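Enquirer: For reference, the sequence and a predicted model appear below.
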Amino acid sequence: MLRERWWVVLISVVACVAVALALTLHATKEYTATAKLLFAENPLITEVGGTAPAPTADPQADQATNLLLVTTSEVAAAVKQALASPLSVSQLLDSVTTTADQSSNIVDVSATDTNPARAALIADAFADQYVALSKSQSQQQVLSGEQLITQQLKALPQTPANAANRANLELALQKLEAVAAVQAGNAQVVDRAMVPTSPSSPNKKVNLIVAFVFGLALGVGLAFLLNLLDRRLKSVEDFEEAYGTRALAAIPWLRRGPAVVDPVAAEQFLILRSGLSVLTPPRRDARVVLVTSAVAGEGKTTVAIGMARAAATAGQTVILVETDFKRPALRARLGFGDDGMGLSSVLAGGADPGSLLYSPVPGLPNLLVMTSGPLPPSSAALLRDAEMGRLLERLAVDADLVVLDAPPLLPVADAQALLDHAQLDAYVIVGRANFTKREEARDVRQRLERRKLTGVGLVVNGVHHVAGGDYYHEQGRVPGRRAGARRRRRPADARRRPVDGRAPAEQLVPSQAGNIVRRRERAKGPKRAT
């Protein structure tokens, strides 16, 4: 899946990195300065007061509390007043963050601003104002205690019975006055903020790494999503599962042209021709073969031409008949002129089929072609007519193999009309990798199963890699071609080769005439098994 959709991953990565780079280059630079606070009790209070403070039950909770106390609205308001800052209290709070190390009592007070000097001032101001606020609150607590003890002393009568109580209160008042003198709060500044020289954001390196990872994950996710939504059949195994039959051959991707020169493709067409024997019962040849596909564009004409050429190259007499009236392609593909006559002229006009057979491929006089001819008013009815069956019988007598280049099965009814003829020995369904959809293959399979046809074979066209294909390309050599040799240009028109039961054998080349005479004789008597 990733090999097929690598471009999705690449585009996602490139797009994310490009967007991150553009945002980084156009983003406003911000600077971060950090001051450090130490949270600890003043040891002088213990010495002066005479008692040590009770140990805390939850140090982590105290640390979290201290972090929150540094960034309170009261501290921010004091910072705004001290710096005469135009920023609001909420803006000042948004620009400051506090962090602490779990193993120490030091808290980092960091301020971020577009101006590096102002960032340092804000960080120091928050640290200083928190220390001042903490000291003021501690002193206020001591003063409150002094006032309470003073009130108790005034309310206590000066009698001998209260002398001990008055002495204790006076001692406590003296200690509080001493503690108030050394009270400095629970924090002190241990490191002041320095003016930063480099921006803290945007961080180009970090942003690009994050964008790359995000783009990679996004691309892989999109590739899997597209693969999940993609209904196309991609491999030979997918086609075999969808059509419910084994593939006879896998044809590599070919350029459209009048000749098949790729040795791997030529070998696959020979394998296809040999594989037709498995579609027919034992002791019977596949003499009339229909080649079709689910929809247009799957390469049925390419397969029909390739199979006919392969059989003709092996010495068989082959007749290739074009039955696609609506989208004929044989004349353009094989490169010969159009005289307006063809199959429809035989079926509807009673023309002599022998006069409409052409030999368009140089060096292969035993490959004969009959084009579709003019478009009839009702092509499906014409193909379903009994005259079509009689023509197939006559051609099967005169040739070793008759290949019908039929229309696709789903868009038109012409190919389904051809399926009704009992003269057909085998049916070759062509599918194109990364083109044929699953629902199209399912519809074709259902139509074939409803007709209960036997002899159905599958050919997968447009395969990017054929097993063993490197055998013919070792060391850059291609069999049958000299280095630098050019392809021969096909003649603009081709010679006609009349072949029919009524045509004289002398009009044919000697080998071809002998073959047809022998077939006529065999047709009169019992058919021999090959």
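Expert: Perfect, I can see it now.

Enquirer: Strands of the protein, residue ranges please.
Expert: The residue ranges that make up the strands of the chain, judged by DSSP state E, are 31-39, 96-100, 106-113, 187-191, 247-252, 288-293, 318-322, 358-359, 367-370, 401-405, 426-432, 456-463, 495-496.

Enquirer: Adding mean neighbour count, write those strands out as TSV.
Expert: The way it works is simple: take the backbone N, C-alpha and C, and place the C-beta from them, glycine included. Shown next, in TSV, are those (neighbours: other Cβ atoms under 10 Å):
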stretch	mean neighbour count
strand 31-39	21
strand 96-100	17
strand 106-113	21
strand 187-191	16
strand 247-252	23
strand 288-293	26
strand 318-322	26
strand 358-359	22
strand 367-370	27
strand 401-405	27
strand 426-432	26
strand 456-463	24
strand 495-496	14
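
Enquirer: OK, contacts around Ala308?
Expert: In this structure, Ala308 makes contact with 318, 320, 367, 401, 403, judged by Cβ atoms under 8 Å, 6 or more residues apart in numbering.

Enquirer: ok, those vs Lys135, which is closest?
Expert: The shortest distance between Lys135 and any of those, using Cβ to Cβ, involves Val403 and amounts to 102.3 Å.

Enquirer: dump the residue contacts of that closest one.
Expert: Neighbour list for Val403: 289, 291, 304, 307-308, 311, 318-321 [criterion: Cβ under 8 Å, 6+ apart].

Enquirer: try it again with 6 Å
Expert: Listed by Cβ atoms under 6 Å, 6 or more residues apart in numbering, the contact set of Val403 reads 289, 304, 307-308, 320.

Enquirer: Quick check: it vs Ala396, distance?
Expert: Distance, Val403 to Ala396, by Cβ to Cβ, to the nearest Å: 11 Å.

Enquirer: do the same with Ala64
Expert: When distances are taken as Cβ to Cβ, Ala64 and Ala396 turn out to be 93 Å apart.

Enquirer: These two: which has the busier surroundings?
Expert: Between Ala64 and Ala396, counted using other Cβ atoms under 10 Å, Ala396 has the larger neighbour count: 19 against 12.

Enquirer: from memory the more buried one sits against Arg287, does it?
Expert: Yes: taking Cβ atoms under 6 Å as the definition, Ala396 is a contact partner of Arg287 at 4.7 Å.

Enquirer: how near is Tyr358 to Leu367?
Expert: Distance of Tyr358 to Leu367, given as Cβ to Cβ: 9 Å.

Enquirer: err, Cys16, not the other one
Expert: Plainly put, Cys16 is 56 Å away from Leu367 if you go by Cβ to Cβ.

Enquirer: Also Ser138?
Expert: 108 Å.

Enquirer: Which of the contacts of Ala308 sits closest to Gln151?
Expert: Val403 (119.3 Å).

Enquirer: JSON lines for the strands of the chain, including distance to Phe126 and mean pLDDT?
Expert: Putting the strands of the chain into JSON lines (distance: least, Cβ to Cβ, whole Å; pLDDT from 0 to 100) gives the following:
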{"stretch": "strand 31-39", "distance to Phe126": "7", "mean pLDDT": "90"}
{"stretch": "strand 96-100", "distance to Phe126": "6", "mean pLDDT": "89"}
{"stretch": "strand 106-113", "distance to Phe126": "5", "mean pLDDT": "90"}
{"stretch": "strand 187-191", "distance to Phe126": "10", "mean pLDDT": "84"}
{"stretch": "strand 247-252", "distance to Phe126": "72", "mean pLDDT": "86"}
{"stretch": "strand 288-293", "distance to Phe126": "76", "mean pLDDT": "92"}
{"stretch": "strand 318-322", "distance to Phe126": "88", "mean pLDDT": "91"}
{"stretch": "strand 358-359", "distance to Phe126": "95", "mean pLDDT": "84"}
{"stretch": "strand 367-370", "distance to Phe126": "92", "mean pLDDT": "90"}
{"stretch": "strand 401-405", "distance to Phe126": "85", "mean pLDDT": "92"}
{"stretch": "strand 426-432", "distance to Phe126": "70", "mean pLDDT": "91"}
{"stretch": "strand 456-463", "distance to Phe126": "69", "mean pLDDT": "87"}
{"stretch": "strand 495-496", "distance to Phe126": "99", "mean pLDDT": "41"}
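
Enquirer: Distance to Ala132 for the ones you listed - can I get that in a markdown table?
Expert: Converted to a markdown table, the strands of the chain look like this (distance: least, Cβ to Cβ, whole Å):
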| stretch | distance to Ala132 |
| --- | --- |
| strand 31-39 | 12 |
| strand 96-100 | 16 |
| strand 106-113 | 14 |
| strand 187-191 | 10 |
| strand 247-252 | 83 |
| strand 288-293 | 87 |
| strand 318-322 | 99 |
| strand 358-359 | 106 |
| strand 367-370 | 103 |
| strand 401-405 | 96 |
| strand 426-432 | 81 |
| strand 456-463 | 80 |
| strand 495-496 | 110 |
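
Enquirer: Any idea which of the ones you listed gets closest to Gly350?
Expert: Between Gly350 and the strands of the chain, the tightest spacing by Cβ to Cβ is seen for strand 367-370, at 15.0 Å.

Enquirer: Mind listing residues that contact the closest one?
Expert: The contact list for strand 367-370 (Cβ under 6 Å, 6+ apart) reads 308, 312, 318-321, 343, 356-361, 497, 499.

Enquirer: Where does pLDDT dip in the stretch 101-250 of the chain?
Expert: Counting by pLDDT under 70, the ranges of the stretch 101-250 of the chain that qualify are 139, 141-143, 146, 162, 166, 173-186.

Enquirer: how is this protein carved up into domains?
Expert: 28-201, 255-371+378-460 (automatic domain parsing).

Enquirer: Which parts of the stretch 201-350 of the chain are helices?
Expert: Taking DSSP state H, counting those that start in this stretch as the criterion, the stretch 201-350 of the chain carries its helices at 204-229, 236-243, 263-275, 300-313, 330-334, 343-349.

Enquirer: what comes up buried for the third one?
Expert: When you say that, I think you mean helix 263-275. By neighbour count, and taking 16 or more other Cβ atoms under 10 Å as the criterion, the buried residues in helix 263-275 are 263-270, 272-273, 275.

Enquirer: can you give me the angle that helix makes with helix 300-313?
Expert: On the basis of axes from the mean of the first three to the mean of the last three Cα atoms, to 10 degrees, helix 263-275 is oriented at 80 degrees to helix 300-313.

Enquirer: Out of the contacts of Val403, flag the one nearest to Lys80.
Expert: Within the contacts of Val403, distances to Lys80 taken as Cβ to Cβ reach their minimum at Ala304, with 86.5 Å.

Enquirer: wait, doesn't the closest one sit right on Leu290?
Expert: No: at 9.3 Å, Ala304 does not count as touching Leu290 under the criterion of Cβ under 6 Å.

Enquirer: Spatially, what comes nearest to Ser110 if we skip its sequence neighbours?
Expert: Of all residues not flanking Ser110 in the chain, Thr34 sits nearest, at 4.5 Å (Cβ to Cβ, 6 or more residues apart in numbering).
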